[in-house]
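J.: Structural data only, the sequence is not supplied:
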């Protein structure tokens, strides 16, 4: 059996084919960049129709090469927090509001949860612009057209391709509307969002499987009988793909954004341990939760610096960074895209400090990367307070896979913990496949993780 693994990311959409043990098959990868619209006012949106077209192009490419032959299961890693307003016919009424969009604010007449801490403990979220409790009322106020329903990006894509597009508990937990213990919509969160259950996606059952609509089954006949598993939140999938599925290992993932997270076995309908105020908690599936902290900056910092500072390429950049110590560079506030919850710093809060006429572009880049390391180190300590003792750390994601200096900077900032590196950049897709297979626990034995420390050769 082969598995088609999809990654519905913010900067790209990807499809790759894995074998039955979730190992990538040679050359069976298709990728399309997507255009994220960002503005200084905090806009961070995607075009839903164009996004779907990019995914279809990936599947066309894989089909043309014969890579979809033998695929029996489709697994998906999808970004959390996105929302798409739909009309009564299911057509989008606007762009996809991504996690990066900082424009939504509570309406002037709105009041927050009656007990903010109790709300946080139940939902793992806050009354914050990142979640649907604030986003849905704001969208109704700004849409200009009556909104019939709200879905996330994953549900929009599935609703177009499949006979139905229910919402997985993993995706639902990222809305801030889900009671993590009962795995049902939280009554107070719905009231804050001004939404009725019928205006939201149906929650998928634990064993749900979908099928392609006839038109798409004809377009990709190799997938006509393939079963589609529910999407997994990208952060949860990345932890699983990094082999971080218990309390001994935390994952630090740097893709477009960045996060530090810990997965624990906590079945639904059981009481959950207390959640520290500064951390969020979402669901991986009905049996596991993921706890952590996330940031609007990550690989996008590297991309910004590379573009605006005209940094050297490849080996030349590596050599320039190698001349700096892992704690080198210039001090920086890396909140270029504002804060993820619970912080409220708006987009445009980034700062560069300590500059002189002798400061080089490489030193600025190093300061940005080290700034991310220091932010994560603080929240990792908070995460460790929820478990017994220090944890090992596994670095993952395309941004750290591409930069040995950044890996060494993380090793220095997170010392004395043991820091490992998962060099495979497709950890999200692989993790989603393992969740779909019901093999989360097996992820702890993933091979390919290598030791990273201050003596990293920057290879």
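T.: Nice, thanks for sending it over. Note that the structure is a prediction, hence the values are computed from the model and not measured.

J.: going forward, measure contacts between C-alpha atoms and count neighbours the same way
T.: OK.

J.: Show me where the stretch 351-459 of the chain dips below the pLDDT cut-off.
T.: Under the criterion pLDDT under 70, the flagged ranges of the stretch 351-459 of the chain are 447, 453-459.

J.: Residue 430 contacts residue 23, correct?
T.: Yes. With contact defined as C-alpha atoms under 8 Å, residue 430 reaches residue 23; the gap is 7.5 Å.

J.: Tell me which of those two has more neighbours.
T.: Taking neighbours as other C-alpha atoms under 10 Å, residue 430 and residue 23 compare with residue 430 leading, 33 against 13.

J.: does that one sit in a helix or strand, and which one?
T.: If you go by DSSP states H and E, residue 430 is part of helix 427-436.

J.: outside of that helix, which residues touch it?
T.: 3, 5-7, 16, 18, 22-23, 74-77, 229-232, 234-242, 285, 396-397, 440, 443 (C-alpha atoms under 8 Å, 6 or more residues apart in numbering).

J.: Check which element follows the longest helix anywhere in the chain along the chain.
T.: As assigned by DSSP state H, the longest helix anywhere in the chain is helix 361-384. Sequence-wise, the next helix or strand downstream of helix 361-384 (DSSP H and E) is strand 392-396.

J.: other SSEs contacting the helix or strand just after that following strand?
T.: Sequence-wise, the next helix or strand downstream of strand 392-396 (DSSP H and E) is helix 398-401. Secondary-structure packing of helix 398-401 (3 or more C-alpha pairs under 8 Å, 6 or more residues apart in numbering; DSSP states H and E): strand 249-254, helix 299-308.

J.: Now mean pLDDT, distance to residue 128 and mean neighbour count too, for those, in CSV please.
T.: Shown next, in CSV, are the helices and strands packed on helix 398-401 (pLDDT from 0 to 100; distance: least, C-alpha to C-alpha, whole Å; neighbours: other C-alpha atoms under 10 Å):
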stretch, mean pLDDT, distance to residue 128, mean neighbour count
strand 249-254, 95, 23, 28
helix 299-308, 93, 23, 16
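
J.: residue ranges of the helices in this protein, please?
T.: Counting by DSSP H, the helices of the chain are 48-64, 116-123, 132-143, 153-161, 169-173, 187-193, 214-219, 234-241, 299-308, 314-322, 361-384, 398-401, 404-414, 427-436.

J.: Please identify which of those helices is closest to residue 90.
T.: Counting by C-alpha to C-alpha, residue 90 lies closest to helix 153-161 out of those; the figure is 8.7 Å.

J.: Any buried residues in the closest one, and which?
T.: Across helix 153-161, burial judged by 16 or more other C-alpha atoms under 10 Å covers 153-161.

J.: again with stretch 176-192
T.: Within stretch 176-192, the residues that count as buried by 16+ other C-alpha under 10 Å are 176-181, 183, 185-186, 188-190, 192.

J.: again, but for stretch 198-214
T.: Buried residues in stretch 198-214 (16+ other C-alpha under 10 Å): 200-204, 209-213.

J.: In strands only, show me those.
T.: Taking DSSP state E, every one of the buried residues of stretch 198-214 sits outside strands.

J.: right, and residue 254 touches residue 299 too?
T.: Yes. Judged on C-alpha under 8 Å, residue 254 makes contact with residue 299 at a distance of 6.2 Å.

J.: and for these two, which residues touch both?
T.: Common neighbours of residue 254 and residue 299 (C-alpha under 8 Å, 6+ apart) are 398-399.

J.: of the buried residues of helix 153-161, closest to residue 339?
T.: Nearest to residue 339, judged by C-alpha to C-alpha, of the buried residues of helix 153-161 is residue 153 at 21.4 Å.

J.: Spit out the contact partners of the closest one.
T.: 48, 78-79, 82-84, 96.

J.: Quickly note the distance from residue 84 to residue 179.
T.: 22 Å (C-alpha to C-alpha, to the nearest Å).

J.: picking that back up, of all the helices and strands packed on helix 398-401, which one comes closest to residue 101?
T.: Of the helices and strands packed on helix 398-401, nearest to residue 101 by C-alpha to C-alpha is helix 299-308, at 14.4 Å.

J.: What helices and strands are in contact with that closest one?
T.: helix 361-384, helix 398-401.

J.: hmm, try it at 7 Å
T.: helix 361-384 (3 or more C-alpha pairs under 7 Å, 6 or more residues apart in numbering; DSSP states H and E).

J.: So which other helices or strands are in contact with the helix it packs on?
T.: The helices and strands touching helix 361-384, judged by 3+ C-alpha pairs under 7 Å, 6+ apart, are helix 299-308, strand 332-333, helix 404-414.

J.: if we compare the ones you listed, which one ends up closest to residue 126?
T.: Taking C-alpha to C-alpha, strand 332-333 is the member of the helices and strands packed on helix 361-384 nearest to residue 126, at 23.7 Å.

J.: And for the closest one, what's in contact with it?
T.: Residues outside strand 332-333 that contact it (C-alpha atoms under 7 Å, 6 or more residues apart in numbering): 350-353, 367-368, 371.
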